[in-house]
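>>> Generate coordinates for the sequence data below:
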Amino acid sequence: MVEGLLLLLFAFVVAASWRGVRTHLQALALLKMVSGEKLSVPLARVTTEPVTVTDLTLETTAGPVRARLYTPSLHPHAPGMVVFHGVHYLGMDEPRLMAFARAMSACGLTVLTPELPDIKDYRVSEGSVKVIGASTAWFSQHMHQPVSVMGLSFSGGLALVAAADPLFRPSMKMILAVGSQGAMERVAAYYRTSEDTRPDGTRELLPAHEYGPLVMEYEHLEEFVPKRDVVPIRALLRAHLYEDKDAEARAMAALNSTQRVEALRLMDTSSNGTRSMLRAAELRHAEEMSGLSPEKRLPGLNVPVFLLHGEADNIIPAAETLWMASELRAATLRAALISPVLSHLDMARSPSLWDEWKLVHFMALVLREAQN
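Sure thing, here's the model as predicted:
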């Protein structure tokens, strides 16, 4: 009897140890795949499996939602994770998102990537909160259990807002917010000042990328230029944000001389005039930005949360993750990491081995929670 119990205990310890090792190997494989690196045959054999990809339309309480499902072929009933894209015109078709979703699924998760129409059109809105919540609820019902949620950039903050809604909370198993905002007002101020105050009172100083203020201008363009100039200047800003040089050149050529002056002023996001207009827009939309910020909702949140941020993020500064980590209850915050391996959503820097290990370990914790 005792011998049998000891053998059972030994088998349990070995299995638990192997699960820990395997999730770390999967995390390593995941990060390599997202970076475009080819996996060694032994690592691929231990950590990954083929993936089946299906396009579909979700019928949700927020209306029809275009989505894509990534299913591990050998484990079609694997636990679910829904991944929401950041502010990008390609939406769920953005190559980095597709690579990440496929890699996550290859490591043993059923991954759903819904499209967020407003976020795709460079608008951070309450409508996206509803689509995030409704898509997660649909996937939870489809999987017959709560599902993990991952939000990239502004979608991560909006996912946390959705998690505070009693209507959506039961569908959520955990949330991973990557490069996300705690308070939209703080981020908007950062776009003007290139600084964000940390919870300890120190200041993060990092020149803000033009992308942030341009998104604010694009979203509320009627407040920055006369009504008659909105359509042609919006076309120019859209082409610039889409990084479509040919379309941008055509849009610029189509402007009259007055519109060209207005457009160039808006695109000079460091000028005093543009900063004054951005400040006025902040004040006008303060209540709206508060509704898109998880800040005041975090202390009451009871879904497990993981926070990941790039140390050199100049679109949403890493101080935002420090704020969220300080506001979450200890029982809710599973792990938080600010990593020099990341910028905003890209793995673009050469890390030390220790920094690389910390990111691998963080992702292993995420995988373990999602697969559990």
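
>>> Tell me where the model's unsure across the stretch 101-250 of the chain.
By pLDDT under 70, the stretch 101-250 of the chain contains no weakly predicted segment.

>>> quick one: the strands in it?
Counting by DSSP state E, counting those that start in this stretch, the segments of the stretch 101-250 of the chain that form strands are 110-114, 147-152, 172-178, 195-197, 203-205.

>>> mind giving me TSV with those strands and columns for mean neighbour count?
The C-beta positions use only the backbone N, C-alpha and C, and glycine is treated the same way. As requested, the strands of the stretch 101-250 of the chain are exported to TSV (neighbours: other CB atoms under 10 Å):
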stretch	mean neighbour count
strand 110-114	28
strand 147-152	28
strand 172-178	25
strand 195-197	18
strand 203-205	13
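
>>> so which of those comes closest to H88?
Comparing the strands of the stretch 101-250 of the chain against H88 with CB to CB, the closest turns out to be strand 147-152 (9.0 Å).

>>> Give me the angle between that closest one and strand 172-178.
When axes from the mean of the first three to the mean of the last three CA atoms, to 10 degrees is applied, the directions of strand 147-152 and strand 172-178 differ by 20 degrees.

>>> Save the strands of the stretch 101-250 of the chain as CSV, and put in distance to I315 too.
What follows is these, written out as CSV (distance: least, CB to CB, whole Å):
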stretch, distance to I315
strand 110-114, 21
strand 147-152, 11
strand 172-178, 12
strand 195-197, 12
strand 203-205, 13
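
>>> Y70 is nearest to which of these?
Comparing the strands of the stretch 101-250 of the chain by their distance to Y70 (CB to CB), the top pick is strand 110-114, with 4.2 Å.

>>> what lines up beside the closest one in the sheet?
The strands beside strand 110-114 in its sheet (DSSP bridges) come out as strand 63-72 (antiparallel), strand 80-84 (parallel).

>>> Out of those strands, which one sits most buried?
When you average the neighbours per residue for each of these (mean count of other CB atoms under 10 Å), strand 80-84 leads with a mean of 26.

>>> which outside residues touch that one?
Residues from elsewhere that reach strand 80-84, judged by CB atoms under 8 Å, 6 or more residues apart in numbering: 97, 100-101, 104, 109-114, 116, 119, 132, 135-136, 139-140, 142-143, 145, 147-152, 155-156, 158-159, 370.

>>> mind putting the strands paired with strand 110-114 in TSV, distance to T52 and mean pLDDT included?
Conversion of those to TSV gives the following (distance: least, CB to CB, whole Å; pLDDT from 0 to 100):
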stretch	distance to T52	mean pLDDT
strand 63-72	5	96
strand 80-84	14	98
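
>>> Any chance of a markdown table for those strands, columns distance to D355?
Below are those laid out as a markdown table (distance: least, CB to CB, whole Å):
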| stretch | distance to D355 |
| --- | --- |
| strand 63-72 | 28 |
| strand 80-84 | 24 |
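
>>> what about stretch 240-251, start to end distance?
Distance across stretch 240-251, first residue to last, is 10 Å (CA to CA, to the nearest Å).

>>> what comes up buried for it?
Neighbour-count burial for stretch 240-251, counted by 16 or more other CB atoms under 10 Å, picks out 240-241, 248, 251.

>>> so which pair among these is furthest apart in space?
Based on CB to CB, the longest span within the buried residues of stretch 240-251 runs between L241 and A251 and measures 11.5 Å.

>>> Identify the residue nearest the most centrally placed residue in the chain in space, chain neighbours excluded?
Among the residues of the chain, the one closest to the centroid is L152, at 0.7 Å (CA atoms, centre = their mean). Nearest-residue entry for L152: G86, 4.1 Å, with adjacent residues in sequence omitted and distances by CB to CB, 6 or more residues apart in numbering.

>>> Next, count neighbours for that neighbour.
The number of residues packed around G86, counting by other CB atoms under 10 Å, is 24.

>>> again, but for S194
Summarising burial for S194: neighbours were counted as other CB under 10 Å, giving 16.

>>> ok so, going back, how much space between the residue nearest to the centre of the chain and P117?
The span separating L152 from P117 equals 16 Å under the rule CB to CB, to the nearest Å.

>>> so what's the closest residue to T269 other than its chain neighbours up against?
Taking CB to CB, 6+ apart as the measure, T269 lies nearest to P213, with 4.2 Å between them; neighbours along the chain are not counted. Residues touching P213, when contacts are defined by CB under 8 Å, 6+ apart, comprise 191-192, 269, 274, 278.

>>> list the helices and strands the helix or strand containing M324 packs on?
Counting by DSSP states H and E, the element that carries M324 is helix 319-327. In terms of contact count using 3 or more CB pairs under 8 Å, 6 or more residues apart in numbering; DSSP states H and E, helix 319-327 is assigned the packing partners helix 184-193, strand 195-197, strand 305-310, strand 333-339.

>>> Tell me how far that helix lies from the chain's centre.
Helix 319-327 sits 15 Å away from the centroid of its parent chain (CA atoms, centre = their mean, to the nearest Å).

>>> Next secondary structure after the helix or strand hosting L31?
L31 belongs to helix 2-34 when assigned by DSSP H and E. Using DSSP H and E, the next helix or strand after helix 2-34 towards the C-terminus is helix 41-47.

>>> Show me what that following helix is packed against.
With contacts taken as 3+ CB pairs under 8 Å, 6+ apart, helix 41-47 sits against helix 2-34.

>>> pLDDT averaged over the helix it packs on - what is it?
When pLDDT is averaged along helix 2-34, the result is 65.

>>> so who does L160 touch?
Contacts of L160 (CB under 8 Å, 6+ apart): 151, 175, 177, 180, 294, 297-298, 301, 305, 324.
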